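Asker: After the sequence you'll find the predicted model.
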Amino acid sequence: VEAVRWYTAAAEKGYARAQNGLGYCHKDGVGVERDQEEGVKWFRLAAEQGHHHAEDSLAECYYKGEGVELDYALAMEWFVKAAGAGNEYSMNWLGLMHLNGHGVETNRAVAIEWFQKAAKEGHEEAKEHLAKLSAAEGSAPPP
């Protein structure tokens with residue numbers, strides 16, 4: 001509850017990191033009543049300032065339809081921005097979108113490229129995706 005008070009004070013002054021933190025508090029109901037729409041509001045404010053964690057969080061909300069209407073095109077837009085800033089979670093999400101054809105044509109090769117980028121940044125789930133895809137093709141997983 002105390003953290004929410006401090007996050008709120010800083011977020012209202014425009015601090016992107018606090019806005020992102022407050023977004024998580026509202027989205028997950030930490031210290032406040034759970035309100036996904038309020039979480040999206042704060043993620044958006046931080047994302048619009050270029051906070052790549054907030055860009056990723058906002059994209060995930062659009063991808064899952066949490067606090068906003070499901071919108072793969074907007075999810076893709078925000079994931080691409082965050083991935084461009086080095087966010088490995090967004091890189092993994094982009095791999096999943098291309099692998100599953102969510103908002104884009106299914107493209108295994110592009111999916112693998114995104115998983116490789118995320119894995120290079122240390123994203124464990126991306127490494128698992130690469131191993132499964134390699135096993136399905138009967139080849140060794142990439143380094």
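Answerer: Sure thing, it's come through. Numbers count the residues shown, from 1 in each chain.
Asker: CA atoms for contacts and neighbours, from now on please.
Answerer: Fine.
Asker: Tell me the backbone dihedrals of the residue nearest the centre of the chain, please.
Answerer: Per C-alpha atoms, centre = their mean, the C-alpha nearest to the average position across the chain is that of residue 56, at 2.9 Å. The phi/psi pair for residue 56 (degrees, to the nearest 10) reads phi -60, psi -40.
Asker: same thing with residue 71?
Answerer: When read as degrees, to the nearest 10, the backbone of residue 71 gives phi -150, psi 100.
Asker: so who does it touch?
Answerer: 62, 63, 65 (C-alpha atoms under 8 Å, 6 or more residues apart in numbering).
Asker: So which of those are in helices?
Answerer: Residues of the contacts of residue 71 located in helices (DSSP state H): 62, 63.
Asker: wait, which of the contacts of residue 71 is closest to residue 114?
Answerer: Comparing the contacts of residue 71 against residue 114 with C-alpha to C-alpha picks out residue 63 as the nearest, at 16.7 Å.
Asker: Pretty sure that closest one sits against residue 77.
Answerer: No. Contact criterion C-alpha atoms under 8 Å: residue 63 and residue 77 do not qualify, at 10.7 Å.
Asker: between these two, who's got more neighbours?
Answerer: Neighbours per residue (other C-alpha atoms under 10 Å) separate residue 63 from residue 77, with residue 63 holding more: 24 against 13.
Asker: Could you measure from the residue nearest to the centre of the chain over to residue 37?
Answerer: 16 Å (C-alpha to C-alpha, to the nearest Å).
Asker: now swap in residue 109 and tell me
Answerer: 35 Å.
Asker: Next: residue 134.
Answerer: From residue 134 across to residue 37, the span is 39 Å (C-alpha to C-alpha).
Asker: Residue 86 too?
Answerer: With C-alpha to C-alpha as the criterion, residue 86 and residue 37 are 26 Å apart.
Asker: Might you list the low-confidence residue ranges for this structure?
Answerer: 139-143 (pLDDT under 70).
Asker: change it to 80
Answerer: 138-143 (pLDDT under 80).
Asker: pretty sure residue 25 is touching residue 4, no?
Answerer: Yes. Between residue 25 and residue 4 there is a contact under C-alpha under 8 Å: 7.2 Å.
Asker: Between the two, tell me which one has more neighbours.
Answerer: residue 25 (24 against 18).
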